[in-house]
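> sharing a sequence plus its predicted fold:
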Amino acid sequence: MPDLTTIGVALSSLKTSMDIAKALKNSTVSLSEAEQKLKVAELISSLADLKTELADVKINLIDKDDEIKKLKEELKDKDIRIFDGDVYWKEVNGNKEGPYCPTCLDVEKLSVRLHKEGPGWWCKKCKDHFGDKDVLHFNFSDFKRNKF
């Protein structure tokens, strides 16, 4: 929802504009030409303020819509993720798809598919490694140095 202050300022600008327009409409010949020009200038200024505030409201609404869309996608993805103790899997039409990196998913909210590497899985993004069900989480550099 747009900032309430922004909406309040926009409504205030609208009221000011309407009041000035009514004053001009209802004025008789008693207003001098200079006074009329001043009122028209005030009206234009007030309408410009209103336009600016409404543009801010529009930007806020677009930002909120984008945030809602992103959160809906995250929620949709969250519903179909299954953590098996090592890695995440997605359930698609009753089938297991993946695996996906738990580090990237938990920390950065990114679904990064893991690649098979030796006895486990390797993430190309965070460079983390994960074992199969019976292999514990291990560091790939230790694995290469035969410390695993």
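Alright, I've got the coordinates.
> lowest-pLDDT helix or strand in the protein?
When the helices and strands of the chain are compared on mean pLDDT, DSSP states H and E, helix 140-144 comes out lowest with a mean of 43.
> and stretch 115-124, how far apart are its ends?
Stretch 115-124 has an end-to-end distance of 8 Å (C-alpha to C-alpha, to the nearest Å).
> ugh, typo on my part, it should be stretch 81-95
End-to-end distance for stretch 81-95: 12 Å, by C-alpha to C-alpha.
> what's the mean pLDDT across it?
Averaged across stretch 81-95, pLDDT comes to 83.
> buried ones in that stretch?
Neighbour counts over stretch 81-95 (16 or more other C-beta atoms under 10 Å) mark Asp86, Val87, Tyr88, Trp89, Lys90 as buried. Every residue, glycine included, has its C-beta placed from N, CA and C.
> roughly how far is that stretch from the heart of the chain?
Relative to the centre of its chain, stretch 81-95 is centred 26 Å away, using C-alpha atoms, centre = their mean, to the nearest Å.
> picking up where we left off before, redo the buried residues of stretch 81-95 as a markdown table? Include distance to Ala23.
Shown next, in a markdown table, are the buried residues of stretch 81-95 (distance: C-beta to C-beta, whole Å):
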| residue | distance to Ala23 |
| --- | --- |
| Asp86 | 74 |
| Val87 | 71 |
| Tyr88 | 66 |
| Trp89 | 69 |
| Lys90 | 65 |
